[in-house]
Structures are given as C-alpha cells and as structure tokens.
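Novice: Using only what follows, build the 3D model:
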Amino acid sequence: MATLHVGDHLDAPSIGSRHWLELLAPHARLVRYEPRGCGLSAGSFVGPLSLETCVEDMAAVVNAASDGPVALVSLTHGALPVIAFAALHPERVERIVVLDGYARGRMRRNAGPELDRESQAIAETMQVAYGTDLAYSVPFRRALLSRLVPQANDEQLIELDRASISRMTSAIAARYTRFSFEADVSDLACRIACPALVLHARQDPVVPFAEGSHLAALIPGARFMPLEGCLHLPLAGDPEWPRISSVIHSFLGFASAPVGIGATVDGAGAPAPRLTPRQREVLRLVGQGHTDKEIARVMGLSHRTVEMHVRHSLAALDCRSRAEGVRVALQRGLLGDASAAS
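Specialist: Predicted structure coming up:
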C-alpha cells in the first residue's frame, strides 16, 4: 500500500514533520502531494487554480506512485482535494484520513459579513507575509503560524517559519488562501465509498469543531474522533499526539511493531544500519532542530562529542548532510525508540 500524505509540514524533518515521518514512513511508501506553485514547483505555477486542477494533479501523483489503491492522509486544507479525489476516483483510494479538515470553506458557511471581512483580511495578509521582504512580513507570518500551531513556543515558531517561507510566492499564497475559503466539497463528500477517519480538535482555532463534525456526517460510514485541547496542526509533544498516531496507525492497518534496528527494510534484504542509542538520540534531537550546543547541554556531553556522534551516524547511514541523515533514519525506523544514553 502506498500512503499519500496531503497537506503541509512534511518538509525535510523538522518539528512540524518528523513525527509524521516516524508514524508513516516505516510502514508504507510515503509520497507527498503539494499543489502546483508550492514546494519544488514554487514560482512556476502553470494553468488555472480550481478543484478540478487539484484533482488532476493528484491523479498524476497517485498514478506515478502506485498501480493500486492508496491511502490518503490529509491535514487541514488538504482535505479539499482528498475528498474530491476519493469521490471522483473511488477505484484509486483505499481509505482516507482527515485531520482538522472541512468540506466548506470559510466563505461557504453563511457565518455573516464579519467572517467574510476577516477572510478577506487573512488573504491580503498572506500576500504580504509570504514571498516578500516588507516590514510586517515576518510578524504577519508568525501571527498566522501561531493560529495554525497555537501550542508552539517562540523557538518552534521560528523553525516553522523558516521551513515555510520558501515554499510559495506571495501571489500563490493569497491565491490558495482564497481558493480554500471559497471551496465547497459537501456534495462530493457524500459520494465517498471508502473507509474514512475524521479527527478534529474541540477547540481548533482555525477550523471550527462543528465543521469537522459536519464533514464526518457527510461521509457515509465515516468514523469521527474528537480531540481535546486547542490545536490545529499537532506537534510530537502534544498530549493528544499519542492518541492521534495510535488511531491513524490502526486505521491504516499498519503492523503493531515498528521497523527496528537491524530489521530488514529494503527490497534487497539488506539490514538497516546500526546506530548506538546515543547516536540515535543525538540524531533525533538534530531532527527536532536543536543545535550541537543545545544537544550537548541536554545530554551532558561536550560540543565536540556531539559532532563526533553526528559524523559517525551520517557515515553509518551513508548520508552527506544532517537533513538527509535524519530523513533516512526515520524512513528506516531507527529513531522511533531512541532514548538518551546514560
């Protein structure tokens, strides 16, 4: 089974994506879909933006990833193309997961003129915040991120900002914002025939809980799981993350035991590289965005000792950069049970 992850925050391992890689990559082929004009195609947007073009693009990705049906995992606005694709191409979708998503965009909820004005202001803010270098660009981005990840501290917001700033131009950011606000896939949601899992936080600051409940009610036979707390995009340290990951893990039919050290993980039958517990812990902290000095302080090591562990880990994994080392270690299930060595 190929798993297609739809949504944001699955870039090179960081606090916004590492836990998703740990959850999905050891058990399935993981492919990320990004709308045109974002990520690797940033700055080269081609053609109109519509639900139809998003479905066409997703079909191209799915067809390239697998000959059989895939599981679609979507976060927030990624629910829109996932719902549409699952309804229009039922033979290509095995099951779907929607986390803090919705069927009706903000401007399709008949919530009144105040919400419409706020929606317009958000779209204009996106255009200033992304792809530009104006006085208010950074504060605007941090304000937007603090809504998406309200539980993040200042350091985490800086890291998330750094990961997101190069992913799209200001025009694309505003364009996709308006698209997500004006989209409505309610009719398509009623046509979904595959198993569906919908999770939504009761105090989601971006998408009202009622919208998640409404989506689950539209999809025939969907399982709805309310989440506690004020969150939209969960981080690994969130109290609800263990429950979220466990339910998704079970719903996707993954084996109960993760791929471990020394287990066979590739098609040629070669064993995964071996890392010491301390090397795994250092690499795990690298993946969280910590500097060598911070890692040294946390683990009670010298700065040079941390550098040595990183160097030896990359050599064992046959990787040239830290980002590549973390990504490969996550894909091979080497960091899932990492703990600090005593």
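Novice: Could I get the full set of helices for this protein?
Specialist: 18-24, 51-65, 79-88, 113-129, 137-148, 154-164, 170-182, 186-189, 209-218, 241-251, 277-287, 292-299, 303-317, 322-331 (DSSP state H).
Novice: Next, the buried residues of the fourth one.
Specialist: So that's helix 113-129. Ser119, Ile122, Ala123, Thr125, Met126, Gln127, Val128, Ala129 (16 or more other Cβ atoms under 10 Å). From N, CA and C alone the C-beta is placed, and that goes for glycine too.
Novice: and that helix, what's its mean pLDDT?
Specialist: Averaged over helix 113-129, pLDDT sits at 84.
Novice: Export the buried residues of helix 113-129 as CSV, with columns for distance to Ala193.
Specialist: Shown next, in CSV, are the buried residues of helix 113-129 (distance: Cβ to Cβ, whole Å):
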residue, distance to Ala193
Ser119, 32
Ile122, 34
Ala123, 34
Thr125, 39
Met126, 35
Gln127, 39
Val128, 42
Ala129, 39
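Novice: Now do the residue found closest to Ser137 once you drop the neighbours it is linked to in the chain against Ala174, distance only.
Specialist: In space, and not counting its chain neighbours, Ser137 is closest to Ala129: 5.4 Å by Cβ to Cβ, 6 or more residues apart in numbering. Distance of Ala129 to Ala174, computed by Cβ to Cβ, to the nearest Å: 9 Å.
Novice: again with Ala193
Specialist: For Ala193, the distance to Ala174 - Cβ to Cβ - is 35 Å.
Novice: These two - which one has more neighbours?
Specialist: Ala174 (21 against 13; other Cβ atoms under 10 Å).
Novice: Next one: the more buried one from Ala111, what distance?
Specialist: Distance of Ala174 to Ala111, given as Cβ to Cβ: 21 Å.
Novice: Identify all contacting residues around stretch 48-62.
Specialist: 2, 4, 6, 31, 33, 35-37, 47, 70, 80-82, 84-85, 88-89, 92, 175-176, 179, 183, 185 (Cβ atoms under 8 Å, 6 or more residues apart in numbering).
Novice: if you set the cut-off to 10 Å instead, what comes out?
Specialist: With Cβ atoms under 10 Å, 6 or more residues apart in numbering as the test, stretch 48-62 has contacts from 2, 4, 6, 31-37, 41, 46-47, 68-70, 72, 78, 80-89, 92-93, 172, 175-176, 178-179, 183-185, 188.
Novice: What's the ChimeraX line that selects buried ones from the residues you listed?
Specialist: This is the ChimeraX syntax for the buried subset of the contacts of stretch 48-62, where burial follows 16+ other Cβ under 10 Å:
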select :2,4,6,31,32,33,34,35,36,37,41,69,70,72,78,80,81,82,83,84,85,86,87,88,92,93,172,175,176,178,179,183,184,185,188
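Novice: Who are the contact partners of the residue nearest to Ser137?
Specialist: Counting by Cβ under 10 Å, 6+ apart, Ala129 touches 122, 136-145, 161, 164-165, 170, 173-174.
Novice: Kindly recompute the last result at 7 Å.
Specialist: Residues in contact with Ala129 (Cβ atoms under 7 Å, 6 or more residues apart in numbering) are Ser137, Phe140, Arg141, Leu144.
Novice: what does Ser302 give?
Specialist: By Cβ under 7 Å, 6+ apart, the neighbours of Ser302 are Ala296.
Novice: give me phi/psi at it?
Specialist: Here is the backbone geometry of Ser302 (degrees, to the nearest 10): phi -80, psi 160.
Novice: how far away is it from Asp116?
Specialist: Going from Ser302 to Asp116 by Cβ to Cβ gives 57 Å.
Novice: Just the pLDDT at Asp238, thanks.
Specialist: 88.
Novice: I misspoke; the intended subject was Val62.
Specialist: According to the prediction, Val62 has pLDDT 92.
Novice: what about it, neighbour count?
Specialist: 22.
Novice: Quick check: which ranges of the stretch 101-250 of the chain have low pLDDT?
Specialist: By pLDDT under 70, the low-scoring segments of the stretch 101-250 of the chain are 131-132, 166.
Novice: now with 80?
Specialist: The stretch 101-250 of the chain contains residues with pLDDT under 80 at 110-112, 130-135, 162-171.
Novice: Contacts only, for the residue nearest to His200 when sequence neighbours are not counted.
Specialist: Spatially, and ignoring its direct neighbours in sequence, His200 is nearest to Gly212 (2.7 Å; Cβ to Cβ, 6+ apart). The contact partners of Gly212, by Cβ under 7 Å, 6+ apart, come to Asp100, Gly101, Tyr102, Val198, His200.
Novice: go again using 8 Å as the cut-off
Specialist: So Gly212 contacts Val98, Asp100, Gly101, Tyr102, Val198, Leu199, His200, Asp204, Phe224 (Cβ under 8 Å, 6+ apart).
Novice: again, but for Pro220
Specialist: Pro220 touches Cys190, Ile192, Ala193, counting by Cβ under 8 Å, 6+ apart.
Novice: any idea how far it is from Ser186?
Specialist: Using Cβ to Cβ, we find Pro220 at a distance of 13 Å from Ser186.
Novice: repeat for Ser250
Specialist: Applying Cβ to Cβ to Ser250 and Ser186 gives a distance of 28 Å.
Novice: more neighbours, the two?
Specialist: Ser186 (15 against 11).
Novice: Does that one touch Ala217 like I think?
Specialist: No: counting by Cβ atoms under 8 Å, Ser186 does not reach Ala217; the two are 10.2 Å apart.
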